[in-house]
Structure formats: structure tokens, C-alpha cells
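>>> For reference, the sequence and a predicted model appear below.
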Amino acid sequence: MFSFCADPKSLEGLQWLSCYLTTGTHMSFYGSFLTVLVLLAVTAPVALAFGFGGAVAGRSHVAPLRWIGKTYMAMVRGIPDIVFFLFFIVALDQGLEYLFHFVRCEDLSQPVRQAGEFRACPAAKIPPGSAPPAIHQIYNFALAVFTFAIVFGAFAANVLSGAMQAVPRAQLETAESFGMTPRQINRRILIPQMWVYALPGLSNLWMVLIKATPLLFILGIEDVVYWAQQLGAMKTQTFSYPHPDWRLWYFLGLLVFYLLLTKVSEVVLDRIMTRLRRGLPMAENGATA
């Protein structure tokens, strides 16, 4: 980045450090923080949508929908996150390629699974093998978002279902006595007050989601943990910027980043809770009773 960085071996002190911290790999490291923030920004509303759908389905009067909602909450919540992530990523990826194998491949004489291996034709690969690395990164990121959303959506469904049950039944019965339809009661009474009871649980779930973002490293995405591991490891004289093992300092930086992120989240969530409580004295009293 700087003109004096042309010959790193001739640098010392602050000049060496300034050149070292502005290399292309470090720019990728700084960009990986944005990857984490984008993951959170995209996953949170998608997971909330999954959770809301699961909660509504679990309370449905239609038996098949109720079974699906309750099974979704019970099954996903009962599986360790890392096991579900690794299984679902592989299962979804191979499932898509299996479908495309019968659509795009010309030779269907050979089975997809041969000798215990999954072998789809090159045309069925998603994304194609000739696609640029950026496309592979976007595809892996989309799979990660979908997997995160399904897992944390199950937790959100449980929180929202409990919040719906916490809304005082007397208020719903009063709305019924005024002639409101079930849809009107849900839209005007149940859902607005539900958020007051749900936000503490959703706040904790948001914090857990923040702490789960390093799982991107396991899913093969070059996130902050990946780059901290790569950059902090000892570099010998064969590298342009040799240095001893600095992983302690890189991971210390990640610790500070996550602490700041959780602190900002706490402030924002407290303000949202204060805003939601305005004009709902009955809900506030019920929540503190």
C-alpha cells in the first residue's frame, strides 16, 4: 500500500509494522469482520421468520401443521449445533447435486453413489467447478446462513411460542367479546404484546448467535477465526514478513471485537425493550409478576 513497502526486508520498526498490517492478506482479515456482521444481519431476520412460522404452526388447530411445528422445535433443539451444521451442509449440498444429476447429466447409466462415494457428473456440481472462487464463497455463505437460520429458528420458535402463551388470556377473551375475528385478535392483541415477553429470550438467542459465528471457520468460510489462525501462526524467513507465533494477539483482538459487539447489542436491545413497553402497562405488569 505504501511506496516504501517494496522491499520488506529493509524495513524496521513502525514502517515494517505499517507495511505488515496493510498486506493483501490483512485486508482480507479486515474484510472478514464484515462477513461476520453480514451473517448476523441476514441470519437474524431469516431465523426469526423460521421461528415465527414454527411457533404459529405449533399452535395451529390443524393437526399436521401442529405436528410439523412441534417436531421442528424438538428435533433441531435436541441436536448439537456443530453436528447439525456439518450434517446439514453436506446433506443439502449433495441433495441439490443429486437432483441436478438427473436434470443436467446425459449419462444416467451409472448410479450417483458408487462404492460408498458420491459421484455426480461435473454438470451437476453446484456451483460449477469452473466458477470463480468468489462464487464458491457466496454459495458456501448462503448454505451457512440457511443452516444458521434453521437451527436458531427452532430456538426462536420455542421462545415465541412461550411468549404467545404468556399474553394474558383475559385480553384475548375481551377482544372476542367485542366481536373481533381470530385474525384481528392475533394482529392487534396477541402479536404486538407477544414481543414484550419474547424479547428477553430473543436477546439471549442473539447473544448465542454472535458466539456461534466462529463456526463459519468449520464450514470452510474464510472468517475472522480462519484469518487469525493463518496470520498469527509463525512465519519463517521464507515469507515476506517473518514473525514468531502471534496467534495470542490475533485471538485477543477477536475477543475484544466480540465483547464490543455484545456490549453494543445489549444497549440496542435495552432500548428496544423500553420502546416496546411504552403504552403496554398490563403487559409490563404481567412480565414482572
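Alright, I've got the coordinates. Note that the structure is predicted; figures quoted are calculated from it, not measured.
>>> can we go C-alpha only for contacts and neighbour counts from here?
Fine.
>>> which residues does F50 contact?
By C-alpha atoms under 8 Å, 6 or more residues apart in numbering, the contact list for F50 reads 149-150, 153-154, 156-157.
>>> What segments of the protein are helices?
Applying DSSP state H to the chain gives helices spanning 13-20, 24-58, 63-77, 81-104, 133-166, 169-177, 182-185, 191-212, 215-218, 224-232, 247-277, 281-288.
>>> Helix 224-232 and the second one, what's the angle between them?
Right, helix 24-58. Orientation of helix 24-58 against helix 224-232 (axes from the mean of the first three to the mean of the last three C-alpha atoms, to 10 degrees) gives an angle of 160 degrees.
>>> out of the contacts of F50, who's nearest R188?
A157 (20.1 Å; C-alpha to C-alpha).
>>> what residue ranges in the protein score low on pLDDT?
Applying pLDDT under 70 to the chain picks out residues 1-4, 8, 11, 108-110, 114-117, 278-289.
>>> change it to 50
Low-confidence segments of the chain (pLDDT under 50): 282-289.
>>> In TSV, list the contacts of F50 along with distance to A123 and neighbour count.
Formatted as TSV, those follow (distance: C-alpha to C-alpha, whole Å; neighbours: other C-alpha atoms under 10 Å):
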residue	distance to A123	neighbour count
A149	29	25
I150	29	25
G153	33	30
A154	35	29
A156	38	29
A157	38	28
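>>> Turn the helices of the chain into CSV, including distance to R113.
Below are the helices of the chain laid out as CSV (distance: least, C-alpha to C-alpha, whole Å):
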stretch, distance to R113
helix 13-20, 48
helix 24-58, 32
helix 63-77, 27
helix 81-104, 10
helix 133-166, 22
helix 169-177, 55
helix 182-185, 49
helix 191-212, 33
helix 215-218, 25
helix 224-232, 32
helix 247-277, 41
helix 281-288, 55
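>>> who wins for proximity to R119 among those helices?
helix 81-104 (9.0 Å).
>>> If I take that closest one and helix 191-212, what angle do their directions form?
Using the same axes, to 10 degrees: helix 81-104 against helix 191-212 is 100 degrees.
>>> which helices and strands sit right next to helix 81-104?
helix 133-166 (3 or more C-alpha pairs under 8 Å, 6 or more residues apart in numbering; DSSP states H and E).
>>> before we move on, the earlier item: would you turn the contacts of F50 into JSON lines with distance to E266?
What follows is those, written out as JSON lines (distance: C-alpha to C-alpha, whole Å):
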{"residue": "A149", "distance to E266": "21"}
{"residue": "I150", "distance to E266": "24"}
{"residue": "G153", "distance to E266": "21"}
{"residue": "A154", "distance to E266": "22"}
{"residue": "A156", "distance to E266": "18"}
{"residue": "A157", "distance to E266": "22"}
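>>> out of the residues you listed, which one sits closest to L205?
Distances from L205 to these, taken as C-alpha to C-alpha, are shortest for A156 (7.4 Å).
>>> Okay, that closest one and D223: tell me how far apart.
A156 is 25 Å from D223, where distance means C-alpha to C-alpha, to the nearest Å.
>>> what does S203 give?
Distance, S203 to D223, using C-alpha to C-alpha: 24 Å.
>>> Compare these two and say which one has the larger neighbour count.
D223 (24 against 16; other C-alpha atoms under 10 Å).
>>> can you pull the contacts of that one?
Contacts of D223 were listed using C-alpha under 8 Å, 6+ apart, and they are 29, 32-33, 35-36, 214, 216-217.
>>> what about it, distance to L37?
Distance, D223 to L37, using C-alpha to C-alpha: 11 Å.
>>> P122 too?
Distance from P122 to L37, by C-alpha to C-alpha: 34 Å.
>>> I'd like the distance from the residue of the chain positioned farthest from its centre to C19, if you could.
Ranking residues of the chain by C-alpha distance from their mean position (C-alpha atoms, centre = their mean) puts S10 at the top, at 43.8 Å. According to C-alpha to C-alpha, S10 and C19 sit 11 Å apart.
>>> shouldn't G153 be in contact with P45?
No. Taking contacts as C-alpha atoms under 8 Å, G153 lies outside contact range of P45: 9.4 Å.
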